[in-house]
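**Student:** got a structure for you, letters missing:
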């Protein structure tokens, strides 16, 4: 019964939007019609005036020809006559033609799209007491950075790590373990936690001229990448020797409106709808512009799940979902897939794909949605 009422209210709402759109179009079309007619009237008024001027010019030329004794004027009179006749013919042939727009030709005011919001087989709501700054997917589930110095398990809300010094950021490693970064006495420290055996390894990184407030980092099999949105260089540090290599950030400087995520082959960040990657395997960086992708019937399986299984990576940024692979980079609106929610991170298991989402109206509300693979 509640669903029927909700459906009827939604239908009435959409009908009202359609009526308002059509009425606005009618008013706009009538205004445009009057403007076109005014422009046409002005064109023919100006043409009439120009022809009257041309008639006066003919009379003056005729008088000059008949009354002049100057041989130079007589010699050039034929040329003047030809130019005058040419320009007058052009003026006589000028007409104002109504050019029909694409909209007027197609008579198309829009259509119906039918988003397919497939239902997860399992959804859990987690209501946190304190705000969080990062959620990551690891081998034991989703972990979150809370209070700047605590790392909690999202589902149980239990504190896994508590530090005296501030934790700048957290991320999962190439093995889906936990890594986090701190800044003490002018140096960055990276800690890696083996979540299965609860073993901790801390590394003091070489000196890096990086702003701790906007630090980004990733821990990979052979190296650690660390950079900042306003630093001039990106640092890649070999894990065995702690030797440091630098990349120039000339093409990738930005303000603080960015999103970054670590995948197992590099550090990726989104800025101005572009994906910038720092590849840990090949020690190179590249940039790709995301283009809008509009599809009728947005399906979770067709447009998200299957894309992940095909090798696409996904990052949620503002109101967009950025999807990218070696072949293409594009974005779709988050609301088509996760109504009123934002994608924070996701985890692929042998049977399921699990999404961690944040409520846009309340950042303390997280949703864990699980979808089964429809094919493998």
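**Tutor:** Good, I have the coordinates. Note that the structure is predicted; figures quoted are calculated from it, not measured. Numbering: from 1, shown residues only.

**Student:** For residue 40, see how far away the residue of the chain most remote from its centre is.
**Tutor:** Distance from the C-alpha centroid of the chain peaks at residue 69, with 76.6 Å (Cα atoms, centre = their mean). Using Cβ to Cβ, to the nearest Å, residue 69 is found at 47 Å from residue 40. Yep, even glycine has a C-beta here, placed from its N, CA and C like the rest.

**Student:** Endpoint to endpoint, stretch 135-151 covers what distance?
**Tutor:** 9 Å (Cα to Cα, to the nearest Å).

**Student:** Pull out the buried positions in that stretch.
**Tutor:** 135-138, 141-146, 150-151 (16 or more other Cβ atoms under 10 Å).

**Student:** Stretch 312-323 too?
**Tutor:** Buried residues in stretch 312-323 (16+ other Cβ under 10 Å): 312-317, 320-323.

**Student:** Need the buried residues of stretch 135-151 in TSV (columns: secondary structure).
**Tutor:** Compiled in TSV, those are given as follows (DSSP: H, G, I helix; E, B strand; the rest coil):
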residue	secondary structure
135	strand
136	strand
137	strand
138	strand
141	strand
142	strand
143	strand
144	strand
145	strand
146	strand
150	strand
151	strand
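
**Student:** right, and the pair among those with maximum separation?
**Tutor:** The span of the buried residues of stretch 135-151, defined through Cβ to Cβ, is set by 137 and 150 at 18.3 Å.

**Student:** So the residue nearest the centre of the chain versus residue 344, what's the distance?
**Tutor:** The residue lying closest to the centre of the chain (Cα atoms, centre = their mean) is residue 273, at 3.7 Å. Residue 273 sits 19 Å away from residue 344, taking Cβ to Cβ as the criterion.

**Student:** next one: residue 101
**Tutor:** 43 Å.

**Student:** Which one of the two is surrounded by more residues?
**Tutor:** residue 344 (21 against 8; other Cβ atoms under 10 Å).

**Student:** quick one, helices of the stretch 51-200 of the chain?
**Tutor:** Applying DSSP state H, counting those that start in this stretch to the stretch 51-200 of the chain gives helices spanning 71-93, 102-106.

**Student:** Which parts of the stretch 251-376 of the chain are helices?
**Tutor:** Using DSSP H, counting those that start in this stretch, helices in the stretch 251-376 of the chain cover 300, 306-309, 334-337.

**Student:** Now render these as a markdown table, adding mean neighbour count, distance to residue 205 and mean pLDDT.
**Tutor:** Shown next, in a markdown table, are these (neighbours: other Cβ atoms under 10 Å; distance: least, Cβ to Cβ, whole Å; pLDDT from 0 to 100):
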| stretch | mean neighbour count | distance to residue 205 | mean pLDDT |
| --- | --- | --- | --- |
| helix 300 | 21 | 40 | 84 |
| helix 306-309 | 16 | 32 | 91 |
| helix 334-337 | 20 | 35 | 88 |
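
**Student:** Tell me where the stretch 1-150 of the chain is predicted with low confidence.
**Tutor:** Residue ranges of the stretch 1-150 of the chain with pLDDT under 70: 1-3, 73, 75, 86, 90, 105, 109-117.

**Student:** Pull the number of nearby residues for residue 264.
**Tutor:** The number of residues near residue 264, taken as other Cβ under 10 Å, comes to 15.

**Student:** Identify the residues contacting it.
**Tutor:** For residue 264, the contacting residues are 174, 220, by Cβ atoms under 8 Å, 6 or more residues apart in numbering.
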